[in-house]
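Chemist: here's my sequence, what's the structure:
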Amino acid sequence: MATVLGAGISGLSAAYYLLQRFGYPATIFEASNRIGGWIRTERHKDKGFMFEVGPRTIRPKGIPGANTLKLIEDLQLPVDPVKSWQPAAKNRMIYAKGQLCMLPNSLGGIFKTLPPFSTSLLNQIRKDLSAGPKKLKFADESIYDFVERRFGTELATYAISPLICGICAGDAKEISVRFLMNDLFEKEQRWGGIIKGIIYDKIFGKKEKTPVEGIFAEAMPRLYEKAREEKWSMYRVPDGLETLPRTLGNYLREKEVDIQLTAECREIIFTRDGAKMNVKGRVINPKHIISSIPTHKLASCVKNQHPSLAALLMSIPYVDVAVVNLQYSTEDLLKFNAFGFLVPPIERLPILGVIFDSCCFDMEGNTVLTVMMGGRWFEENFGKEPTPKKLLDTALEHLDLVMGIKDEPAFSRVHVLKKCIPQYTVGHKQRVADIRRYIKQYDLPLTLCGAAYDGVGINDVILSARMQVQTLQALDD
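Modeler: All right, here's what the predicted structure looks like:
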């Protein structure tokens, strides 16, 4: 019997791919009272809007995007796309130097000098071409350092730093380029520059397919081809993104997958025949465990028998994020039609950014905004246990400061997502390799998937589950 820890989207996907690969169901143990993990939708159908507490959209790009669309296709879920030409896809802003600044969104934009930059994007790209090669003494560096030495301080400060805030609520000066932008890093190291590397790699690079690319060797999913033809930038599923894990969970239950809620694993002891799990005082004896739970939770399960593995798992930090959802009973509140804006850390504001949900999708006459706060700077800005009122007041104060919105929302919700996003600090790729090497060295019946190991986005964690299941040998019932 195979057991999956965690009923977030990665754990549910692992059970799905186990079913596909081996033909028999797994058991999923989930500590909370619901499935879906950090994907959570609050629907207010009577008023025509919804709040997304966690992720809200998915990108259809590349093999990871194609893999998610194949899953959605198999589940027969409808999708609600945003096309690349629509304002919510084209228009991205940052708040810098006291104003909202629209980032370049067309080829013509790279020739203009737009605030907050002191020169055109083209001039900053030229820096990469003239900087020359630089082989690093160490195997990794921060994304900020990487971009700064190739393109200059302005691009690192006002483009990449807020981008990292949006991706993982982290500090670009700490986040590993080898983990989040490894392809660009390797091109630069191989060819002596990023732009040169992109061009040369297309001309001279090897065309061998990686294991990931090989999963669609015969044909790409139909829905992926449709997304390419129609130029989707992103999409959601109707009734909110939580519909995806809910539908997947229902599918698994129909296939006799046992999803046990409020069933936290408290200890794991590995044996010759598999493992012994303590789940709420019960002893479970799986042949193999697939863990999709956060590394610090897995560490507490294995620390008694494998303290060294627990220490490796604990070396991956996580951050808290405050999410403030706001609804206004008017549709003409915003001056800008855009996806939203991000705030560079150099501005030293307590917010990471604001998403204009009602610009992305129809909210039936309502303006819906989501303010993201905290992350790497949560305790610095709010202390350890801020009240919901403090977080709401901070969100409203900065909507007034940045966007001039003085109206009180008709409805609001405040959530603090504790330890929700792992931080891929410099050396992260090596840490993950060390964790998996330890498991292999001691021949532990344990497989790891999820955001801490293979990427932060929904596409990444679903693909992580698929690829890790593919590494398994036949499992006995």
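
Chemist: please identify which helix or strand holds the closest residue to residue 57 other than its chain neighbours.
Modeler: The shortest distance from residue 57 to any non-neighbouring residue, by C-beta to C-beta, 6 or more residues apart in numbering, is to residue 234 (4.2 Å). C-beta here means a position set from N, CA and C on the backbone, and glycine is covered the same way. Here residue 234, judged by DSSP states H and E, is contained in strand 232-236.

Chemist: and that strand, what does it pack onto?
Modeler: strand 80-83, helix 87-90 (3 or more C-beta pairs under 8 Å, 6 or more residues apart in numbering; DSSP states H and E).

Chemist: please redo it, this time with the cut-off set to 7 Å
Modeler: strand 80-83 (3 or more C-beta pairs under 7 Å, 6 or more residues apart in numbering; DSSP states H and E).

Chemist: list the contacts of the strand it packs on.
Modeler: The contact list for strand 80-83 (C-beta atoms under 7 Å, 6 or more residues apart in numbering) reads 88-89, 227, 230-238, 360-361.

Chemist: and that strand, how far from the chain's centre?
Modeler: 19 Å (C-alpha atoms, centre = their mean, to the nearest Å).

Chemist: pLDDT on that strand, on average?
Modeler: Confidence over strand 80-83 (mean pLDDT, whole number) is 97.

Chemist: that one: which residues count as buried?
Modeler: Neighbour-count burial for strand 80-83, counted by 16 or more other C-beta atoms under 10 Å, picks out 81, 82.

Chemist: cool, stretch 270-283 as well?
Modeler: 270, 274, 275, 277, 279.

Chemist: residue 254: which of these is nearest?
Modeler: For the buried residues of stretch 270-283, the minimum distance to residue 254 (C-beta to C-beta) is 23.6 Å, reached by residue 279.

Chemist: ok, for residue 339, nearest residue in space, not its chain neighbours?
Modeler: residue 88 is the one closest to residue 339 (C-beta to C-beta, 6+ apart), at 4.9 Å.

Chemist: my bad, residue 140
Modeler: If you skip the residues right next to it in sequence, residue 140 has residue 178 as its closest partner in space, 4.4 Å away by C-beta to C-beta, 6+ apart.

Chemist: residue ranges of the helices in the stretch 351-477 of the chain, please?
Modeler: Here the stretch 351-477 of the chain has its helices, by DSSP state H, counting those that start in this stretch, at 357-360, 378-382, 388-403, 428-441, 451-454, 458-470.

Chemist: the contacts of strand 80-83, buried ones only, as a PyMOL selection?
Modeler: Applying 16+ other C-beta under 10 Å to these, the buried members can be selected in PyMOL as follows:
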select buried, resi 88+89+227+232+233+234+235+236+237+360+361
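
Chemist: how about the contacts of strand 80-83, which pair is most distant?
Modeler: Across the contacts of strand 80-83 (C-beta to C-beta), the longest gap, 20.2 Å, separates 231 and 238.

Chemist: can you list the residues that contact whichever helix or strand residue 189 is part of?
Modeler: If you go by DSSP H and E, residue 189 is part of helix 182-191. Helix 182-191 is contacted from outside by 135, 146, 150, 177, 178, 194, 197, 198, 200, 201, using C-beta under 7 Å, 6+ apart.
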